[in-house]
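Trainee: no sequence on hand, only this structure:
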């Protein structure tokens, strides 16, 4: 039977969702190990977003097929019993045979948290980029507007593919500040490798007046990675939600 | 000059606020080391609450005297620069010579978090007791009412002192539930060693119908530790606020 689950994880101690090569240090490998034990067969899972090492998720989408026919609640309970405490299954339901967590998804929402206050938030420091200085958020909002839309985001991608398209649509980039922490929420149809972290690095560079918001269109047009800002650290990033039709 | 600071910490990797014997693994030892470096002299600090190993704080009160005369903002910045990321100084101000974080305090507020849902909260599991089953909160509220007031709390204390009073006043115990997590907030003039964790263990035992709310007055009267419930784990506990006149 085929299943769709929503997964949350603290990515701090993992080498990302998925990784080439033989390693047990990924989130998908941990989930696959528990599912294989439940099903008595080797189970492979598909994640909607291949989050990097250190990146977190509150709503990763994930599909898999089991040989056996288990009640979805039993699958969820089994996983939550045997998975480590930093990975949790929030929901589980049966799915159509052709439903695929990544291929069927139509959009994703990510959040990036930046600590602006010099004082760290001791309970969230693993989930924030601790910048420790104020940013010109109005400038960043102007730049964010220019980053939205349908563009070739090649300049905002690490190791851009040569043959596949780097055109994506970013629907919105919104800002909210609360008690010294800035949250930037990105919604789009899909994101390239490191795209959000490079957008954040560029936005922060603009918020510190090292780059002008007016440079964004030119950076996009250039298609050159070096024109954009640095890649922001992974720990501030969290996959919030995967959208399906 | 004398200073008063408010401190937040994630207590997970420390042996508590303060500990007998020579150890650097306590929160107070970490703060003292940085202050001694700033002041060029051995600094001793006083905390309002001597939190146990693994217990957290969002508002621990702390006083100390420095030989030098430093601006409070400089003291705060210096501490936040050199302290580990799981300890933060939220505020710093100068204080009267006789003002003492513990002796001058008139009350404290603690919060205890219990995860009721079978699904762990991956971002807060270090700050919660993961019970993983529902509780009869109405029963617990009735018992909490009986626990409030001015009583001899000897039955709710580990290694009760023989000569000092174990009479305390608990002003309020309030409950709130949000997305599978129960928070119990305790306000009182002071709490005995392990008193909140034993009250929580007793309340949970009542919430699981292993003990009746009507037994509380008798447990208080007995003054016998074994009559009360087990000591709840430290990680769910957080010192929220220390009250001063």
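Mentor: Structure received. Every value quoted in this text rests on a predicted model; they were computed, and no experiment measured them.
Trainee: and residue A:151, which of the three is it?
Mentor: strand (DSSP: H, G, I helix; E, B strand; the rest coil).
Trainee: quick check: pLDDT value at it.
Mentor: For residue A:151, the model assigns a pLDDT of 97.
Trainee: number of nearby residues for it?
Mentor: 19 (other CB atoms under 10 Å in any protein chain shown). All C-beta atoms are positioned from the backbone trio N, CA, C, and that covers glycine.
Trainee: what do you get for residue A:66?
Mentor: Using other CB under 10 Å, residue A:66 has 17 other residues around it.
Trainee: quick one, strands of chain A?
Mentor: Along chain A, counting by DSSP state E, strands occupy A:2-9, A:45-47, A:56-65, A:87-94, A:107-115, A:129-130, A:149-152, A:167-178, A:181-188, A:237-243.
Trainee: with adjacent residues omitted, what lies nearest to residue A:35?
Mentor: residue A:43 (4.1 Å; CB to CB, 6 or more residues apart in numbering or on different chains).
Trainee: just to revisit the earlier point, distance to residue B:141 added to the strands of chain A, as JSON lines?
Mentor: Putting the strands of chain A into JSON lines (distance: least, CB to CB, whole Å) gives the following:
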{"stretch": "strand A:2-9", "distance to residue B:141": "30"}
{"stretch": "strand A:45-47", "distance to residue B:141": "42"}
{"stretch": "strand A:56-65", "distance to residue B:141": "31"}
{"stretch": "strand A:87-94", "distance to residue B:141": "28"}
{"stretch": "strand A:107-115", "distance to residue B:141": "35"}
{"stretch": "strand A:129-130", "distance to residue B:141": "40"}
{"stretch": "strand A:149-152", "distance to residue B:141": "53"}
{"stretch": "strand A:167-178", "distance to residue B:141": "31"}
{"stretch": "strand A:181-188", "distance to residue B:141": "34"}
{"stretch": "strand A:237-243", "distance to residue B:141": "34"}
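Trainee: as JSON lines, the ones you listed with distance to chain B would be great.
Mentor: Listed next are the strands of chain A as JSON lines, based on distance: least, CB to the nearest CB, whole Å:
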{"stretch": "strand A:2-9", "distance to chain B": "5"}
{"stretch": "strand A:45-47", "distance to chain B": "16"}
{"stretch": "strand A:56-65", "distance to chain B": "8"}
{"stretch": "strand A:87-94", "distance to chain B": "5"}
{"stretch": "strand A:107-115", "distance to chain B": "10"}
{"stretch": "strand A:129-130", "distance to chain B": "7"}
{"stretch": "strand A:149-152", "distance to chain B": "32"}
{"stretch": "strand A:167-178", "distance to chain B": "15"}
{"stretch": "strand A:181-188", "distance to chain B": "13"}
{"stretch": "strand A:237-243", "distance to chain B": "9"}
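Trainee: right, and the ones you listed - which one's nearest residue B:159?
Mentor: strand A:87-94 (37.2 Å; CB to CB).
Trainee: shaky segments in chain A?
Mentor: A:20-22 (pLDDT under 70).
Trainee: how about a cut-off of 90?
Mentor: Scanning chain A for pLDDT under 90 picks out the ranges A:18-24, A:159-164.
Trainee: contact residues of it facing chain B?
Mentor: A:8-10, A:56, A:58, A:76-77, A:80, A:85-90, A:118-123, A:125, A:127, A:130 (CB under 8 Å from any CB of the partner chain).
Trainee: list the buried residues of stretch A:211-230.
Mentor: Neighbour counts over stretch A:211-230 (16 or more other CB atoms under 10 Å in any protein chain shown) mark A:211, A:213, A:215, A:216, A:219, A:220, A:225, A:227, A:228, A:229 as buried.
Trainee: pull the contacting residues for residue A:150.
Mentor: A:167, A:168, A:169 (CB atoms under 8 Å, 6 or more residues apart in numbering or on different chains).
Trainee: of those, grab the buried ones for ChimeraX.
Mentor: To isolate the buried ones among the contacts of residue A:150 in ChimeraX, judged by 16+ other CB under 10 Å, type:
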select /A:168
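Trainee: closest one of the contacts of residue A:150 to residue A:108?
Mentor: For those, the nearest to residue A:108 is residue A:168 (10.5 Å; CB to CB).
Trainee: right, and the closest one touches residue A:189 too?
Mentor: Yes: the criterion here is CB atoms under 8 Å, and residue A:168 meets it with residue A:189 at 6.2 Å.
Trainee: hang on, the earlier thing: the residue nearest to residue A:35 contacts residue A:37, correct?
Mentor: No: look at residue A:43 against residue A:37 with CB under 8 Å: they stay out of range, at 9.1 Å.
Trainee: can you list the domains in chain A?
Mentor: Following automatic domain parsing, chain A resolves into domains at A:2-94, A:107-243.
Trainee: can I get the ones you listed in JSON lines with distance to residue B:71?
Mentor: Listed next are the domains of chain A as JSON lines, based on distance: least, CB to CB, whole Å:
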{"stretch": "domain A:2-94", "distance to residue B:71": "36"}
{"stretch": "domain A:107-243", "distance to residue B:71": "15"}
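Trainee: so for residue B:25, which of the ones you listed sits nearest?
Mentor: Across the domains of chain A, closest to residue B:25 is domain A:107-243 (CB to CB), at 16.7 Å.
Trainee: could you tell me the end-to-end distance of the closest one?
Mentor: Taking CA to CA, to the nearest Å, domain A:107-243 runs 5 Å from one end to the other.
Trainee: circling back to that earlier point, can you redo the contacts of residue A:150 as a markdown table with distance to residue B:2?
Mentor: Shown next, in a markdown table, are the contacts of residue A:150 (distance: CB to CB, whole Å):
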| residue | distance to residue B:2 |
| --- | --- |
| A:167 | 63 |
| A:168 | 58 |
| A:169 | 59 |
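Trainee: just the buried ones from the residues of chain A next to chain B?
Mentor: Buried among these (16+ other CB under 10 Å): A:8-10, A:56, A:58, A:76, A:80, A:86-90, A:118-123, A:125, A:127, A:130.
Trainee: do a quick rundown of the helices in chain A.
Mentor: Under the criterion DSSP state H, chain A contains helices at A:27-39, A:72-82, A:137-147, A:195-207, A:216-222.
Trainee: give the buried residues for stretch A:139-157.
Mentor: Buried residues in stretch A:139-157 (16+ other CB under 10 Å): A:139-141, A:143-144, A:146-147, A:151, A:153-157.
Trainee: follow-up on the earlier one: farthest pair within the buried residues of stretch A:211-230?
Mentor: Across the buried residues of stretch A:211-230 (CB to CB), the longest gap, 19.5 Å, separates A:213 and A:225.
Trainee: follow-up on the earlier one: now do the contacts for the residue nearest to residue A:35.
Mentor: Contacts of residue A:43 (CB under 8 Å, 6+ apart): A:32, A:35, A:36, A:64, A:65, A:66.
Trainee: what about the fourth one, how many neighbours?
Mentor: Using other CB under 10 Å, residue A:64 has 22 other residues around it.
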